[in-house]
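Asks: Return a 3D structure for these sequence lines:
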Amino acid sequence: MDKTLALKQWVDSWLPARFQRPLDLSLEPLTGDAGFRQYFRVNSRPSSIAVYAPPANENNLAFVEKAIAFRRGGVHVPEVHAVNFQRGFLLLEDLGDDLYLPLLNDRTVSWLYSRAEQELILIQQVAPDPEVFSAYDGALLEAEMALFPQWFVSKLMMLEEDDETLAVLRQTFDLLIAEALAQPQVVVHRDYHSRNLLLLAGNGRDNRVGVVDFQDAVVGAVTYDLVSLLKDCYIRWPRPMIEQRALAFARCAMEAGIIADINDDQFIRWFDLMGLQRHIKVLGIFARLWLRDGKARYLHDLPLVIRYTLEVANRYADTRDFARWFESRLLPLLPQQSWYRAEAINTTADV
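Replies: Model prediction:
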């Protein structure tokens, strides 16, 4: 039987009794994320979201356990109405269509980010149950960054590895792992940005934030989600604004007892170097999404991620070897790429 038809029949059987069931139940396909999940909006009242998440590719038990943990902590993730683990079917609360990314502009950024930062404080106060949230340890941080030489350097840029490359990457990766593990460890969403946050229906600026795509949540560095939000791979803000918001968040985290008192310079260093680890990883992921999965839209975002990477690498003495290697070995190859935009990789502004 066709998976969509099977999912529709399952939804028809498991739709909660409190929902108004239409005479002609339908599933409207929705644009999904970078994974294997397929999403459909169900025309119930209220509407709901049906998901096909292939069990061979998606850890649906982890998704449900994390959803329960987040909701217990007051984080507004979708309620799980029903699940069939064997078939990979889920029925979830519909959080709407108001994704942050198209809503963000110079007039809305302050209050939208304030809402998102308040929700992030709740995430960081969720109980870090090791049965639910695994550790964002050195091995995982290393495996993520290894995607960069494998997919971006070798397969996309066609640059062969040599002793210099191996040495620079080893030095940089070791530093970034050590810096991440030195930070206070909290529950980390791991993809906390404008395409995974929704403005929920309510009273304007008092609206809550809905959070999706949390299935990879772990326990890791306190700055990881903050840098994902403020140095978003899909939209850029001026460096002074980013630093101001990062330090304001640090004060809120101290007041909430999430972190101990810390000076501004140390927090910004944590924030920046955590961002460098993330953006090195993302360069590999975006290249893989194109080369392996045929998802070309992520290529458009590579120039901004490169800019973030070089800005931070040039900012700190212990990452400048990486910056020099990148600028001498990779930058000359960029104009050959169809997605290259010189104006988007301006490594001197806002540093």
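
Asks: Within the helices and strands, which one has the nearest residue to Asn314 once chain neighbours are set aside?
Replies: Distances taken as Cβ to Cβ, 6 or more residues apart in numbering put Ala323 closest to Asn314, at 4.5 Å, once the chain neighbours are dropped. From N, CA and C alone the C-beta is placed, and that goes for glycine too. Here Ala323 is covered by helix 320-329, with elements defined by DSSP states H and E.

Asks: what comes up buried for that helix?
Replies: For helix 320-329, a neighbour-count test (16 or more other Cβ atoms under 10 Å) marks Asp321, Phe322, Ala323, Trp325, Phe326, Arg329 as buried.

Asks: And for stretch 129-143?
Replies: Counting neighbours by 16+ other Cβ under 10 Å, stretch 129-143 gives Val132, Phe133, Tyr136, Leu140, Leu141 as buried.

Asks: distance between the ends of that stretch?
Replies: 23 Å (Cα to Cα, to the nearest Å).

Asks: need the strands for this structure, in chain order.
Replies: Assigned by DSSP state E, the strands in the chain fall at 27-30, 38-42, 48-52, 80-84, 89-93, 185-188, 197-199, 209-211, 218-221.

Asks: right, and those - which one's nearest Gln171?
Replies: Counting by Cβ to Cβ, Gln171 lies closest to strand 218-221 out of the strands of the chain; the figure is 19.7 Å.

Asks: Which elements pack onto the closest one?
Replies: helix 163-182, strand 185-188 (3 or more Cβ pairs under 8 Å, 6 or more residues apart in numbering; DSSP states H and E).

Asks: Which among the ones you listed is found nearest to Val42?
Replies: strand 185-188 (29.8 Å).

Asks: so what strands line up beside the closest one?
Replies: As defined by DSSP bridges, the strand partners of strand 185-188 come to strand 218-221 (antiparallel).

Asks: In CSV, could you pull the C-alpha coordinates for stretch 92-100?
Replies: Provided in CSV are the C-alpha atoms of stretch 92-100 (Å, rounded to 0.1, in the frame of the first residue of the first chain):
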residue,chain,number,x,y,z
LEU,A,92,1.6,15.8,16.2
GLU,A,93,0.2,19.2,17.3
ASP,A,94,0.2,21.7,14.5
LEU,A,95,2.2,24.8,15.5
GLY,A,96,1.2,26.7,12.4
ASP,A,97,3.2,28.3,9.5
ASP,A,98,4.7,31.4,11.1
LEU,A,99,8.4,30.4,10.8
TYR,A,100,10.8,33.0,12.2
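
Asks: got any ranges where the stretch 201-350 of the chain has weak pLDDT?
Replies: 202-206, 347-350 (pLDDT under 70).

Asks: Could you measure from the residue nearest to Asn314 over to Arg208?
Replies: 40 Å (Cβ to Cβ, to the nearest Å).

Asks: cool, and Ala17?
Replies: For Ala17, the distance to Arg208 - Cβ to Cβ - is 26 Å.

Asks: Check Leu101 too.
Replies: From Leu101 to Arg208 the distance is 18 Å (Cβ to Cβ).

Asks: If you count surrounding residues, which of those two has more?
Replies: Higher neighbour count among Leu101 and Arg208: Arg208, with 17 against 13, using other Cβ atoms under 10 Å.

Asks: With that, I have no additional questions.
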